[in-house]
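Asks: build me a structure from this.
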Amino acid sequence: MPSWFDNVQLGFDMATSLTIVGAAVTWVIREKKQAEAEKVRGINQQVRSTSLKKVQDVLFEMEDKFSVLINETQTYENMIDNRVRKVNDQLDFSRLNLAIKRDDQFLIKAIDRLQAIREELGQFYELIQVRRYSLIPLLDAIEEGDKYIGVFQQNIDEVGDAYNQVTSGNVSLLKELEAVISMLNKQFGDELVDVSDEVKKELFQKISTDETFMKPIQSIIYDEDYFYWVQRFVPAGREEDYLEKVVRPSKIEDKELCSEVMVHFILALIGKNHELISQVLRTASGSVMKARIECKDILISLSAISHKLVMDNNGETLEKVIAKYESEEYFGRNVTIR
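Replies: So this is what the prediction gives:
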């Protein structure tokens, strides 16, 4: 018969065994959890590495397209902007007017440049649209990927808007405007600036009653694609009325407003002549510059996303990295061309 000492010893051994078993189970569970965590971290790291490579591949590809686009935009902007000065806070188009007047190839070259820019910008936009199908799913798989996607998609949309502005009618407006001005100068002479009020009145009567002139004039002032420029002939504060009551309806609803715009436009044809073409060329240059900056934003955002994928433990938000990269110390969004 076992003694009480043996019973105590047996109880002690069982308790020790249970402790050892419990510790072993705890260790196994902890190791399993740690292994699972390591596995998750490994998968996340692998996803980040794959995403980083894809982002950089797209970035390298877009850099090449951007370089070609810059060459085209710079040629056009220099061609136009170098001939426009500011005098007493007013734009002086005299040098640009003279270039258009003296060189019958100048406008043709400018239009060719605009068409080339439109083509390059279209290719840039199309490329980034295609690449998003492979890039967005990878960004979506990482932590806070929705923020990266949001920034990326916003940049794409802004490039699309810029493309629409560049292609919204600049080229066709220039061609129609040049045709009207050439016809006007052919019939009434090329020296129509600084004419007396009496002569302006006579010319206005001849133009406004001649269907040969009025058809192309109406084609310009009634075209919604040209409104961005035509609105300068609309009385201040009546721009929306002109769109809704003159341009868009099938039948003109505000004939008085329509007549007022028509008078302003015809008088501008007489008094400004080639300067109207210069205005459109300068407006187009502004659209080209904006498009260039929007394309640069794509590169800056992709660079910032690359930074965040590398420095995943960095406390900087994506927005802060983008703002830093936009500064003059880095990529100079609004300062440098490239």
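
Asks: and the strands in the protein?
Replies: Shown for the chain, the strands assigned by DSSP state E span residues 85-87, 90-92.

Asks: residues of stretch 88-105 that come out buried?
Replies: 93, 96-97, 99-101 (16 or more other CB atoms under 10 Å). (C-beta placed from N, C-alpha, C; glycine too.)

Asks: what about dumping the CA coordinates of that stretch to CSV?
Replies: Extracted C-alpha coordinates of stretch 88-105, given in CSV (Å, rounded to 0.1, in the frame of the first residue of the first chain):
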residue,chain,number,x,y,z
ASN,A,88,1.0,98.2,-68.2
ASP,A,89,-0.6,94.9,-67.2
GLN,A,90,-2.0,94.4,-70.7
LEU,A,91,-0.9,91.8,-73.2
ASP,A,92,0.8,93.3,-76.2
PHE,A,93,0.3,91.1,-79.3
SER,A,94,1.9,93.4,-81.8
ARG,A,95,5.0,91.1,-82.4
LEU,A,96,2.8,88.1,-82.8
ASN,A,97,0.3,89.9,-85.0
LEU,A,98,3.3,91.0,-87.2
ALA,A,99,4.6,87.4,-87.5
ILE,A,100,1.1,86.2,-88.6
LYS,A,101,0.7,89.0,-91.1
ARG,A,102,4.2,88.8,-92.7
ASP,A,103,4.7,85.1,-92.7
ASP,A,104,1.8,83.2,-94.4
GLN,A,105,3.4,79.9,-93.1
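
Asks: let's have the chain start at 8 instead
Replies: That works, and once the first residue is 8, the last one we named lands at stretch 95-112.

Asks: ok, and what's touching it?
Replies: Residues outside stretch 95-112 that contact it (CB atoms under 8 Å, 6 or more residues apart in numbering) are 87, 90-93, 113-114, 197, 280-282, 284-286, 288-289.

Asks: among those, name the buried ones.
Replies: Here, 16+ other CB under 10 Å leaves 87, 90-91, 113-114, 280-282, 284-286, 288-289 buried among the contacts of stretch 95-112.

Asks: contacting residues around the closest residue to residue 316 other than its chain neighbours?
Replies: Spatially, and ignoring its direct neighbours in sequence, residue 316 is nearest to residue 59 (4.2 Å; CB to CB, 6 or more residues apart in numbering). Taking CB under 8 Å, 6+ apart as the criterion, residue 59 is in contact with 313, 316-317.

Asks: those, buried ones only, as a ChimeraX selection?
Replies: The buried subset of the contacts of residue 59, as determined by 16+ other CB under 10 Å, is captured in ChimeraX by this line:
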select :313,316
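
Asks: closest to residue 129 out of the contacts of residue 59?
Replies: Using CB to CB, residue 313 comes nearest to residue 129 of those, at 25.8 Å.

Asks: now for the spatially closest residue to the closest one that is not a sequence neighbour: which residues touch it?
Replies: Nearest non-adjacent residue to residue 313, counting by CB to CB, 6+ apart: residue 62, 5.2 Å away. Taking CB under 8 Å, 6+ apart, we find residue 62 in contact with 142, 146, 309, 312-313, 316.

Asks: the same query, at a cut-off of 6 Å, please.
Replies: Residue 62 is in contact with 309, 312-313, counting by CB atoms under 6 Å, 6 or more residues apart in numbering.

Asks: present those as CSV; the columns should include distance to residue 181 and pLDDT.
Replies: Shown next, in CSV, are these (distance: CB to CB, whole Å; pLDDT from 0 to 100):
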residue, distance to residue 181, pLDDT
309, 34, 88
312, 39, 86
313, 40, 87
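
Asks: ok, so of those, who is nearest residue 269?
Replies: For these, the nearest to residue 269 is residue 309 (48.7 Å; CB to CB).

Asks: from what I see, that closest one and residue 66 are in contact.
Replies: Yes. Between residue 309 and residue 66 a contact is recorded at 4.3 Å, counting by CB atoms under 6 Å.

Asks: looking at those two, which is more packed in?
Replies: Ranked by neighbour count (other CB atoms under 10 Å), residue 309 and residue 66 place residue 309 first, with 24 against 17.

Asks: how much space separates that one from residue 119?
Replies: The gap separating residue 309 from residue 119 is 31 Å, by CB to CB, to the nearest Å.

Asks: number of nearby residues for the residue lying closest to residue 265 once chain neighbours are set aside?
Replies: Using CB to CB, 6+ apart and skipping the chain neighbours, the partner closest in space to residue 265 is residue 253 (4.8 Å). Residues lying near residue 253 (other CB under 10 Å) number 21.
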